[in-house]
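*Asks:* Have a look at this prediction, sequence included:
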Amino acid sequence: MEVATSAEHLWKILAEDYAKVGQWARAVQSSEPNTTVAPLKGATVGGRVCTASIGDVTETIRTFDVRNHILAYDAKAKAMPFFVRKLSGRWTLHELGNVTEVDLSFVADLMPPFGVLMGWAIRRQFSTAIDETLEDLKLFAETGKIHPDKATALAA
């Protein structure tokens with residue numbers, strides 16, 4: 001996805017304010033720093049703890065590359081099915097003149113044979129959450145506003 005702002009502005013939202021995702025992403029009801037993990041060099045936090053649409057999620061930052069604008073993390077959800085061995089996400093930013101290309105990849109490592117049997121359902125669930133998060137990021141980064149559904153949820 002392309003966002004009409006600088007990579008530095010997006011990096012501030014995604015990386016420097018990592019623990020504040022609950023302020024703008026619809027899939028996250030609330031978020032706070034994960035104080036059980038030491039921050040990597042340059043990072044303000046070691047991870048975050050979120051209350052999300054899939055339940056409570058604890059994230060640990062694994063890559064914090066300021067120069068190349070790469071942020072990667074591992075995630076563990078309390079409600080994660082037993083056959084999900086690992087969840088990880090990776091944000092990568094590439095500035096292209098007046099816009100920044102944003103790439104969000106998410107990997108769910110599923111235990112065989114459940115990957116074949118349940119992979120399609122999990123892929124669909126995560127695909128929807130990723131698309132929504134990218135849409136929310138674009139709106140927030142370009143306008144400073146949050147999605148109306150997020151505003152309603154925060155007001156409740």
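*Replies:* Cool, got the structure.
*Asks:* Taking the centroid of the chain, which residue is nearest it?
*Replies:* The geometric centre of the chain, computed from its C-alpha atoms, lies nearest to residue 89 (Cα atoms, centre = their mean), at 6.8 Å.
*Asks:* Please identify the helix or strand for it.
*Replies:* Per DSSP states H and E: residue 89 is located in strand 84-96.
*Asks:* distance of the residue of the chain most remote from its centre from residue 37?
*Replies:* Largest separation from the mean C-alpha position in the chain: residue 113, at 27.3 Å (Cα atoms, centre = their mean). Using Cβ to Cβ, to the nearest Å, one gets 33 Å for the distance from residue 113 to residue 37. C-beta: built from backbone N, CA, C; applies to glycine.
*Asks:* Same question for residue 103.
*Replies:* To residue 37, residue 103 is 24 Å away according to Cβ to Cβ.
*Asks:* These two: which is more packed in?
*Replies:* For residue 103 versus residue 37, neighbours defined as other Cβ atoms under 10 Å are more numerous around residue 37 (16 against 12).
*Asks:* can I assume that one is in contact with residue 47?
*Replies:* Yes: judged on Cβ atoms under 8 Å, residue 37 makes contact with residue 47 at a distance of 4.8 Å.
*Asks:* which residues are in contact with both of these two?
*Replies:* Both residue 37 and residue 47 are contacted by 60-61, under the criterion Cβ atoms under 8 Å, 6 or more residues apart in numbering.
*Asks:* Which residues does stretch 130-148 contact?
*Replies:* By Cβ under 8 Å, 6+ apart, the list of residues contacting stretch 130-148 reads 1, 3-5, 9-10, 13-14, 23-27, 102, 104, 106, 150, 154.
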